[in-house]
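J.: Here is a sequence together with a model predicted from it:
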Amino acid sequence: MRYQNVDITLAFSKEGHDRFIDFLKGFSIVCVILNHCLPGWAMDYSAFFFWGVSAVPIFILIQVFHAYKGGIQHCNVNFRRIWLRVLRPFFLCQFVILLLMAWQRDVHTPQALLAEAVALVKCGGYGPGAYYPWIYAQIAILVSCFSILFRFKHIRRGWMCVIFVVLSQGAETLCALLPLPQLAYRLLFIRYIFLFYLGYLMATKGFTINRQTLLMATLCLALAAYIVYWQPDLHPWIYPFVNPVCHWFCYLYIAYLLLFILRKLFDSLPPRHVVSRMFQWAGVRSYELFLLQMIFFTVV
């Protein structure tokens, strides 16, 4: 029997409210919480590295999609929104953490409290995932810069992908050769460059799911598994980051395989199903839950 290669388009809705986006954000924030509390053996047996650590790339993919869905000519930087929606709550969260840690450690003198504050600033913030608000702010600013590249209509879509592969791989190799300190690599957007292209693709065309793209995604997943379990020395092609699946090719299997599976799961659940409602509820409140888990896991 001969099977046809049927193309399926995976896309977010650009009009109105998309419940699937809420579902994805809810799934992602649950993964963030699990990532910060699961023991190592549970992560190993559940292959958590290949689905659980996809949370931040999914959040960034959704962020870039929202920036480009109205057209690349309208993606202006909204500094007020970045401050009010992301950075101000984050700074308040860090202030609460600082006070609670000072109370836990019985810090009473202004000098000791100042030393704690300096240590907090040097590491970019206390708490699991404290790097994410900085990444969000950088992505929000840079979507306008990358939109200039997307305005060159004479560049074919395939060549645009090649350009972003070269940019992503070149940036990672440069960071490995310098070498860039782990803290700087953690706080900078560099490892997420390829998500600008995937977010733009989602906002304009969507992801085409067929045998070719699924094969590509599976090969990228196999490469990620090779890096995680065999831990080869791929210097200078791969930056030795603490998260071993945070490379541009990993985002291909997240976009074309994991999102496809999650879409099938979402479509199979009735709208009022408890799992679907739970994920959508968490998705609407994902950033608030993110800040609360940061306080909880840091202090408790």
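T.: Done, it's in.
J.: how about the helix or strand containing Ile261 as PDB, C-alpha atoms only?
T.: According to DSSP states H and E, Ile261 maps onto helix 259-268. What follows is helix 259-268, C-alpha atoms only, in PDB (Å, rounded to 0.1, in the frame of the first residue of the first chain):
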ATOM      1  CA  LEU A 259       3.700  21.200  19.300                       C
ATOM      2  CA  PHE A 260       2.100  18.900  16.800                       C
ATOM      3  CA  ILE A 261       1.500  16.300  19.600                       C
ATOM      4  CA  LEU A 262       0.200  18.900  22.000                       C
ATOM      5  CA  ARG A 263      -2.200  20.200  19.300                       C
ATOM      6  CA  LYS A 264      -3.500  16.700  18.800                       C
ATOM      7  CA  LEU A 265      -4.000  16.300  22.500                       C
ATOM      8  CA  PHE A 266      -5.800  19.700  22.800                       C
ATOM      9  CA  ASP A 267      -8.100  18.800  19.900                       C
ATOM     10  CA  SER A 268      -8.900  15.400  21.400                       C
END
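J.: Just name whatever secondary elements it is in contact with.
T.: strand 8-10, helix 19-35, strand 207-209 (3 or more CB pairs under 8 Å, 6 or more residues apart in numbering; DSSP states H and E). Glycine gets a C-beta too; all of them are placed from N, C-alpha and C.
J.: ok, how many other residues are close to His36?
T.: A count of neighbours around His36, defined by other CB atoms under 10 Å, yields 15.
J.: Is it correct that it is in contact with Gln293?
T.: Yes. His36 is within contact range of Gln293, at 6.4 Å (criterion: CB atoms under 8 Å).
J.: between those two, what contacts are shared?
T.: Shared contacts of His36 and Gln293 (CB atoms under 8 Å, 6 or more residues apart in numbering): Pro128, Gly129.
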